[in-house]
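# I'd like to go over a predicted model; first the sequence, then the structure.
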Amino acid sequence: MGTVLDDIVAGVREDLEERRRLLPLTQLAQDAAQAVPALDALARFTAPGPVKLIAEVKRRSPSKGELADIADPAGLAADYEAGGATAISVLTERRRFGGSLRDLDAVRERVRIPVLRKDFMVDPYQVTEARAHGADLILLIVAALDDHLLRDLHQQATALGMAALVEVHDEAELERAVALGAQLIGVNARNLKTLEVDPAAFGRLAPFVPDDRVKVAESSIGGPADVTAVVRDGASAVLVGEALVTGGSPREAAAALIDAGRAATV
Ligand SMILES: O=P(O)(O)OC[C@@H](O)[C@@H](O)c1c[nH]c2ccccc12
């Protein structure tokens, strides 16, 4: 029996083949070459200052179902930016997360900060597609990739001027991310194979992330207290979705998370 991750990736591949039929890679590559140049996302994450917030445009999730009815993803992203976010993550996976490249386009047009295409990247076509739609960053999930593909997609992203957030959930995956030379390493508290959350994952893995890499705590950050905890454990960035889309003012919620990080750093 396959894992949840296997199921999600199978659906992603089907959707991808349909897009590839409509727009062959050669044409997509031209779009990528003509896209707005990528911002230097890595520089923003390594800059001094308090914890960096990656704020996510997230409509639904396989574990929680519908989270928020987001009528205006660009407006939401603009609120995050006004609240001090360093980057916007836009889920583009359709079947389980309700995302789309349309959301990515809308956000890209509105904000001036780096935009992360958050999806299950398993094919070079998707990386070119990310750049064609103006992404500055992509997510690479180590659990979904063998070493060969991980290396190829990482290299391709870099060649296109993008940075990669390389996501791990356990020690073995972390070793692979470090060996790859990943500069942005995300520890996802959620195991994508089972959807279970392990709130201690970041604290356990962070000591093994070399200090010259950016440590990102991902998932299940419910509020300022959780930011304080991961910053004390060494996080220099946090990736937050649900708590921002289900709260009141996204701008104030974003600012409150960053404030908590600031307080924990000093
Ligand atoms: O909504 P949360 O618990 O704040 O989580 C955000 C983000 O970490 C989560 O959406 C995520 C992390 N890694 C992923 C990989 C694929 C899809 C989604 C994700």
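Structure received.

# mind listing the helices for the stretch 1-150 of the chain?
Secondary structure of the stretch 1-150 of the chain by DSSP state H, counting those that start in this stretch: the helices cover 4-22, 25-34, 41-46, 73-82, 101-110, 124-132, 147-159.

# Report the angle between the fourth one and helix 101-110.
Taking axes from the mean of the first three to the mean of the last three Cα atoms, to 10 degrees, one finds that helix 73-82 is oriented at 50 degrees with respect to helix 101-110.

# what mean pLDDT does helix 73-82 have?
Across helix 73-82, pLDDT averages out at 98.

# rewinding a little: most neighbours per residue, which of the helices of the stretch 1-150 of the chain?
Among the helices of the stretch 1-150 of the chain, ranked by average contacts under mean count of other Cβ atoms under 10 Å, first place goes to helix 124-132 (a mean of 23). C-beta coordinates here come from the backbone N, C-alpha and C atoms, glycine included.

# wait, which of the helices of the stretch 1-150 of the chain is closest to the ligand?
Closest to the ligand of the helices of the stretch 1-150 of the chain is helix 4-22 (Cβ to the nearest ligand atom; 8.0 Å).

# ok, residues contacting that closest one?
2, 62, 93-96, 119-120, 122-123, 125-126, 129, 141, 143-144, 192-195 (Cβ atoms under 8 Å, 6 or more residues apart in numbering).

# Filter these down to just the ones in strands.
residue 141 (DSSP state E).

# In PyMOL, select just the buried ones from the contacts of helix 4-22.
To isolate the buried members of the contacts of helix 4-22 in PyMOL, using 16 or more other Cβ atoms under 10 Å:
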select buried, resi 62+93+96+119+120+122+123+125+126+129+141+143+144+192
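
# Could you list the low-pLDDT ranges of the stretch 1-150 of the chain?
1 (pLDDT under 70).

# Try it again at 50.
Along the stretch 1-150 of the chain, no part satisfies pLDDT under 50.

# Flag every residue of it that's near the ligand.
For the stretch 1-150 of the chain, the residues in contact with the ligand (Cβ under 6 Å from any ligand atom) are 56, 58, 118, 141.

# Quick one: residues contacting the last one.
To tie it back to what came earlier, the one meant is residue 141. Per Cβ under 8 Å, 6+ apart, neighbours of residue 141: 5, 120-121, 167, 188, 192.
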